[in-house]
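Enquirer: turn this into a structure:
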Amino acid sequence: MQLCTTTLTRVVAPVAIIILSLSALSSGLIRSVHAQSTRIHTTSSNFKGSVNLLNRGRDRFQHGDYRGAISDFNQAIILDPNNANAYYSRGLFLHKLGDALGAVSDFDRALQLNPRLAEAYFHRAGARYGIGDETGTMLDLQLAAKLFLSQGNTKGYQQAQNLIKQLQHLIQ
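Expert: All right, here's what the predicted structure looks like:
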């Protein structure tokens, strides 16, 4: 009978934690164990804080407080620099504010963190078009369409395909 790796992990991990905890208690390393659990808690609270800032930033943007919105996005990125959605959101709003180059940069970072973020390819295409990068625009639209299709997002796929056709007519 073959034992599944996840089952083995579920059984071994709690035992390992107990052994490490007992070892830490007996050897005086309890401070480092406490520090590690504090770090995990801080990371979790940073993520929650980042999400709260993103939500507040979106609300501020919708109410016309653009500086406040960008400030919230900046703070969210500082709290959780590996949050692809934070870069994606800031990229969206930078593009809406006319900063296509800044938007491309943020979409680039979002895609480094999450290469399957179809919406980031789609919106980066728009920002690239704004800076005159027709080749990059076409590539991003094609990637977005492919990802939308593989993710079952038919509306996104159709939008990307329509823009590809429009761009092809403009280029010819």
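Enquirer: would you mind identifying the next helix or strand past the helix or strand hosting residue 102?
Expert: Residue 102 belongs to helix 100-113 when assigned by DSSP states H and E. Note on helix 100-113: by DSSP H and E, the next helix or strand toward the C-terminus is helix 118-130.
Enquirer: just the angle between that next one and helix 100-113, please?
Expert: Here helix 118-130 points in a direction 150 degrees away from that of helix 100-113 (axes from the mean of the first three to the mean of the last three CA atoms, to 10 degrees).
Enquirer: with only the CA atoms kept, save helix 118-130 in PDB.
Expert: In PDB, the C-alpha atoms belonging to helix 118-130 read as follows (Å, rounded to 0.1, in the frame of the first residue of the first chain):
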ATOM      1  CA  ALA A 118      -5.000  37.500 -17.400                       C
ATOM      2  CA  GLU A 119      -6.400  40.900 -16.500                       C
ATOM      3  CA  ALA A 120      -2.900  42.300 -16.000                       C
ATOM      4  CA  TYR A 121      -1.900  41.300 -19.500                       C
ATOM      5  CA  PHE A 122      -5.200  42.800 -20.900                       C
ATOM      6  CA  HIS A 123      -4.700  46.200 -19.100                       C
ATOM      7  CA  ARG A 124      -1.000  46.300 -19.700                       C
ATOM      8  CA  ALA A 125      -1.900  46.000 -23.400                       C
ATOM      9  CA  GLY A 126      -3.900  49.300 -23.100                       C
ATOM     10  CA  ALA A 127      -1.000  51.000 -21.300                       C
ATOM     11  CA  ARG A 128       1.500  49.800 -23.800                       C
ATOM     12  CA  TYR A 129      -0.700  51.100 -26.600                       C
ATOM     13  CA  GLY A 130      -0.700  54.500 -24.800                       C
END
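Enquirer: if anything else comes up later, I'll come back, but that's it for now.
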